[in-house]
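S.K.: return a 3D structure for these sequence lines:
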Amino acid sequence: MTCYRRARVPGARYFFTLALADRRSDLLVREIALLRCTYAATRQERPFWCDAFVVLPNHLHAIWTLPPGDADFSTRWGAIKSRFTRGVKASGRMGLNPILRSRSKVAKGDAGIWQRRFWEHRIRDEEDYRRHMACCWGNPVKHGLVDRAVDWPYSSIHRDIRAGRVDPDWAGGVETGDYGEP
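M.R.: Numbers count the residues shown, from 1 in each chain. Here you go, the predicted model:
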């Protein structure tokens, strides 16, 4: 079994990218209500602060600050992915491409909705934090889904505008860099 090295620093901030197995899918925005419920249930069980969050049709980005003494983001993401998968399966609205389920996924009972792992990056400093916040807010612009970040409905930028943490006219410019997506 492969051993993945993850930066596990209790109480740290992390940037995450999670993607659907089928990158042509729009399942995350189609099932946004379910995703919100599974996310809220996981936060209730295992609290953390969500600094930023954006959901696109086939992937999502988030920045979390974990509680002091806690570095277990993997269990949280596993719960979110599992709850979402069970909910989609129960609804009968999976619409998955069966070709995407490899033999090993079938053998392990993997529904084939999510890519198996996720990408994480520990935020190093305030500049790194600023760049990754901009990445979250600006990702819908980067992917051509909207012209302005505030026009994308599935983003924490709306919460942050209401709280006065970001200017409502923020343009959505995203610096180039490695943010865990192709």
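S.K.: rest of the way, CA atoms for contacts and neighbours
M.R.: Will do.
S.K.: low pLDDT regions in this structure?
M.R.: Counting by pLDDT under 70, the chain shows low-confidence ranges at 1-5, 93-111, 171-182.
S.K.: can you give me the strands for it?
M.R.: Using DSSP state E, the strands found in the chain span residues 13-19, 49-55, 59-65, 119-122.
S.K.: just the CA atoms of the shortest one, as PDB, please.
M.R.: Presented in PDB, the C-alpha positions along strand 119-122 are these (Å, rounded to 0.1, in the frame of the first residue of the first chain):
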ATOM      1  CA  TRP A 119      -4.500  17.600  -2.700                       C
ATOM      2  CA  GLU A 120      -3.500  19.600   0.400                       C
ATOM      3  CA  HIS A 121      -1.100  22.400   1.000                       C
ATOM      4  CA  ARG A 122      -0.200  23.800   4.500                       C
END
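S.K.: and that strand, what other elements does it pack with?
M.R.: Counting contacts by 3 or more CA pairs under 8 Å, 6 or more residues apart in numbering; DSSP states H and E, strand 119-122 is packed against strand 13-19.
S.K.: what angle do the strand it packs on and strand 59-65 make?
M.R.: 160 degrees (axes from the mean of the first three to the mean of the last three CA atoms, to 10 degrees).
S.K.: so which elements touch strand 13-19?
M.R.: Short answer (3+ CA pairs under 8 Å, 6+ apart): strand 13-19 packs on strand 59-65, strand 119-122.
S.K.: pick the most buried one from the ones you listed.
M.R.: Ranked by mean neighbour count under mean count of other CA atoms under 10 Å, the helices and strands packed on strand 13-19 are led by strand 59-65, which reaches a mean of 22.
S.K.: of the strands of the chain, which is nearest residue 147?
M.R.: Closest approach to residue 147 among the strands of the chain (CA to CA): strand 49-55, 15.4 Å.
S.K.: how about residues contacting the closest one?
M.R.: Applying CA atoms under 8 Å, 6 or more residues apart in numbering, the contact partners of strand 49-55 are 28-29, 60-67, 133, 136-137, 139, 154-157.
S.K.: apply 6 Å and report the result again.
M.R.: 60-65, 136, 154-156 (CA atoms under 6 Å, 6 or more residues apart in numbering).
S.K.: and which of those is nearest residue 33?
M.R.: residue 154 (10.5 Å).
S.K.: and the closest one, how close does it get to residue 60?
M.R.: Distance from residue 154 to residue 60, counting by CA to CA, to the nearest Å: 10 Å.
S.K.: same check, this time on residue 137
M.R.: Residue 137 is 11 Å from residue 60, where distance means CA to CA.
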